[in-house]
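*Asks:* build me a model from this:
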Amino acid sequence: MKDSMTFEEQVEQIAEALLADFPGQKSKTEFRVLHYNGASVRFEGGGSAASPFDPVPIANTLRRLGDQFNADLERPAREVIEAEGRKFKENVETLSKTWTIQNPELEYEKAFLVVAVKLLRYIAKKAYGVAQPRLLTEAINATPEVRHYIERQGGWENLENRRGQNNP
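*Replies:* Residues are numbered from 1 along each chain as shown. All right, here's what the predicted structure looks like:
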């Protein structure tokens, strides 16, 4: 069945899921429990009859991918916080390019996703009010290469299934 949500709507829900476990996240309507790093987190329910899309497992996959990589996030996070989010995409692009140069086997698009998730969550720990889902949503939606990468995987739902594979 074809999902009725747009790519942009899916990215927005994934960004909200990534921030759901931070204090201050406003509850929506219907929630389910998500277990991550030993903590229970409540998040808006997954797919419905109209849309089977569930952002929570995708957010968990992106967290796991991000946990595989280490980077110095203090300076980029500080810049984003000081600029109230305006430098988010710029810092994600810079770190992603650096990582792919240092790790030629790492695809730029995967690095972009990993850096974006790690930086957003790091900023949320330092200054939750600055870490709005729109930062991730705007960065991903403004980067066509990342969208095409997700589409080549078969959509967000297949990101986990293809983990570790190099795709053309």
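*Asks:* from here on, just use CA atoms for contacts and neighbour counts.
*Replies:* Noted.
*Asks:* gap between whichever helix in the chain runs longest and the chain center?
*Replies:* Ranked by number of residues, the top helix in the chain under DSSP state H is helix 108-126. Centre-to-centre, helix 108-126 and its host chain are 7 Å apart (Cα atoms, centre = their mean, to the nearest Å).
*Asks:* which SSE is immediately downstream of it?
*Replies:* Moving toward the C-terminus from helix 108-126, the next helix or strand (DSSP states H and E) is helix 133-141.
*Asks:* and the very next helix or strand once past that next one, what other elements does it pack with?
*Replies:* Downstream of helix 133-141, the first helix or strand assigned by DSSP H and E is helix 144-153. With contacts taken as 3 or more Cα pairs under 8 Å, 6 or more residues apart in numbering; DSSP states H and E, helix 144-153 sits against helix 108-126, helix 133-141.
*Asks:* report the buried residues of the longest one.
*Replies:* Taking 16 or more other Cα atoms under 10 Å as the basis for neighbour counts, the residues of helix 108-126 that come out buried are 108-124.
*Asks:* residue ranges in the chain under the pLDDT threshold?
*Replies:* 1-3, 23-51, 68-73, 160-168 (pLDDT under 70).
*Asks:* now the helices for it?
*Replies:* 7-19, 55-67, 74-82, 88-102, 108-126, 133-141, 144-153.
*Asks:* just the residues contacting the last one, thanks.
*Replies:* Looking back up the chat, that one is helix 144-153. In this structure, residues lying in contact with helix 144-153 by Cα atoms under 8 Å, 6 or more residues apart in numbering are E109, K110, F112, L113, I140, N141, W156, L159, R162, N167.
*Asks:* what's the angle between that helix and helix 108-126?
*Replies:* 110 degrees (axes from the mean of the first three to the mean of the last three Cα atoms, to 10 degrees).
*Asks:* hmm, back to that, the contacts of helix 144-153 into CSV, with extra columns for distance to E93?
*Replies:* Converted to CSV, the contacts of helix 144-153 look like this (distance: Cα to Cα, whole Å):
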residue, distance to E93
E109, 10
K110, 12
F112, 7
L113, 10
I140, 11
N141, 13
W156, 20
L159, 20
R162, 23
N167, 20
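*Asks:* looking at those residues, which is nearest G85?
*Replies:* The closest of those to G85 turns out to be I140 (Cα to Cα; 14.3 Å).
*Asks:* which one of the helices of the chain is the most hemmed in?
*Replies:* helix 108-126 (a mean of 22; mean count of other Cα atoms under 10 Å).
*Asks:* could you name the helices and strands sitting against that one?
*Replies:* With contacts taken as 3+ Cα pairs under 8 Å, 6+ apart, helix 108-126 sits against helix 7-19, helix 55-67, helix 74-82, helix 88-102, helix 133-141, helix 144-153.
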